[in-house]
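Q: build me a model:
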Amino acid sequence: MPPEVSGSPSDSLELGWEVSGASGAVVWQKDHREVKQAQRTAVSSQGTQHKLRGKQVTQAAQGSYSCDTKDDSTTFQVKVRETEEMFPNKEKVQKEVKAALTQNAPLSWEVAQEKPEVKWSKEGKLITASKKFKVESEGKSGGLVVSQLEKKAAGEYSCEAAGQKLTFKAAVPEAEDAFVSKETVPKEVKAALTQNAPLSWEVAQEKPQVKWSKEGKLITASKKFKVESEGKSGGLVVSQLEKKAAGEYSCEAAGQKLTFKAAVPEPKPAFITQEKVQQEVNAVLTESASLSWEVAEDTTEGKCFKDGKLLIASRKFKLETLGKPQGLVVEQLERRDAGESICEAAGQKLPFKLEPTEAEAKFEHKAVQEEPLVVAEHESITLSTSVTPEPAARSG
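A: Numbering: from 1, shown residues only. This is a model prediction of the structure:
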């Protein structure tokens, strides 16, 4: 009875025969057909030693082999054991795993033998353990965890053990809208300078984890930015809007974004007929000087400043800052009142320049001398007059 050689699938097979002396050519056959050198089959002869090697045998390698020389021959019976199922209960394994974006996707298996040598690949490319891919194995169980799933990480994954494969599919389902009624949310918010700009949202799930950013930069709650959230509603309030705070704001929840635009519209002119206002005022010392303007809205209250200091109503300053026509009267004008005064309304400014002048001298009594005065030589004569105000500037 020919000797029997047994092997398992994917094992290597070696058949060897030693002859007594030089025997000439050797022919190997399987089931009466010659076996030739091939990718998985190697035939070698060295002196009296003759060998046939097979790599990664399959069930097709099973059969009767013979080694024939001119004077002798020998026969082997090769048996390949039935393949052991490496993945029991594979029908019950969840082969299609769905996970939302940024969540983890676990792919799990169970094998017949403990501590198997397992290889993972994605669409033919070998996977190595990393921050993105966590390979787990304990006893007969194990798996692969795809961390923080992205769309590009979705696809087909293969787990291979003892030449057998188990295939999984990781999928990213279409995300449910995180923001509800987003078509009706005012996405462009306009607010005047120094006013608050509220940006509001409503989400599908309560207590969402929301992040705000402005032009790509993360926003944290502060005196300038107030983050609000209650149930399914919330928002961001930009306090006392400035021009530099205007721009694009993004609200992110569950990987989805809602974009807002905060704008500062050009303010309406606070002063009307500004071109006709007398902004350079000349007034006589000790007299009153009037600065007048008119505002567009009768609810706008004006303020006046001199050298950066707010002027308040007093005996010196009379202020009329309610209604549309408004003004400032400076009583008993002095030289120190000269210079620029600023009127401010609704954040806009109107400058005035005040220039005190000396009073013009006038004669009190203009007596007409009808007859010429005749004075003898070497006699004295006195001429006198009076002017107002006193003292008057002398003319040369």
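Q: how about the helices in the chain?
A: Listed from the start of the chain, the chain has no helices (DSSP state H) to report.
Q: how far is stretch 320-329 from where the chain is centred?
A: Relative to the mean C-alpha coordinate of its chain, stretch 320-329 is positioned 49 Å out (CA atoms, centre = their mean, to the nearest Å).
Q: now stretch 339-351
A: Centroid displacement of stretch 339-351 relative to its chain, using CA atoms, centre = their mean, is 41 Å.
Q: now do that stretch: everything it contacts.
A: Counting contacts by CB atoms under 8 Å, 6 or more residues apart in numbering, the residues outside stretch 339-351 that touch it are 193-194, 267, 269-271, 274, 277, 279, 291, 293, 295, 297, 300-307, 311, 326, 328, 352-354. To be clear about C-beta, it is placed using only N, CA and C from the backbone, and glycine gets the same treatment.
Q: buried sites along that stretch?
A: 341, 343, 345, 346, 348, 350 (16 or more other CB atoms under 10 Å).
Q: I'd like those residues written out as JSON lines, with pLDDT added.
A: As requested, these are arranged in JSON lines below (pLDDT from 0 to 100):
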{"residue": "341", "pLDDT": "92"}
{"residue": "343", "pLDDT": "92"}
{"residue": "345", "pLDDT": "89"}
{"residue": "346", "pLDDT": "82"}
{"residue": "348", "pLDDT": "87"}
{"residue": "350", "pLDDT": "91"}
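Q: widest-spaced pair of those residues?
A: The most widely separated members of the buried residues of stretch 339-351, counting by CB to CB, are 341 and 346 (18.0 Å).
Q: coming back round to it: now, which of the contacts of stretch 339-351 lie within strands?
A: Within the contacts of stretch 339-351, membership in strands is found for 291, 293, 303, 304, 305, 306, 326, 328, 352, 353, 354, as judged by DSSP state E.
Q: how close does the nearest residue to the fifth one once chain neighbours are set aside get to residue 125?
A: Going back to what we said before, that points to residue 305. Nearest-residue entry for residue 305: residue 342, 4.5 Å, with adjacent residues in sequence omitted and distances by CB to CB, 6 or more residues apart in numbering. Spatial separation of residue 342 from residue 125 under the definition CB to CB, to the nearest Å is 72 Å.
Q: same check, this time on residue 6
A: Remark: distance between residue 6 and residue 125 (CB to CB) = 36 Å.
Q: now swap in residue 48 and tell me
A: When distance is defined by CB to CB, residue 48 is 48 Å away from residue 125.
Q: then residue 343?
A: Looking at residue 343 against residue 125, where the rule is CB to CB, the gap reads 74 Å.
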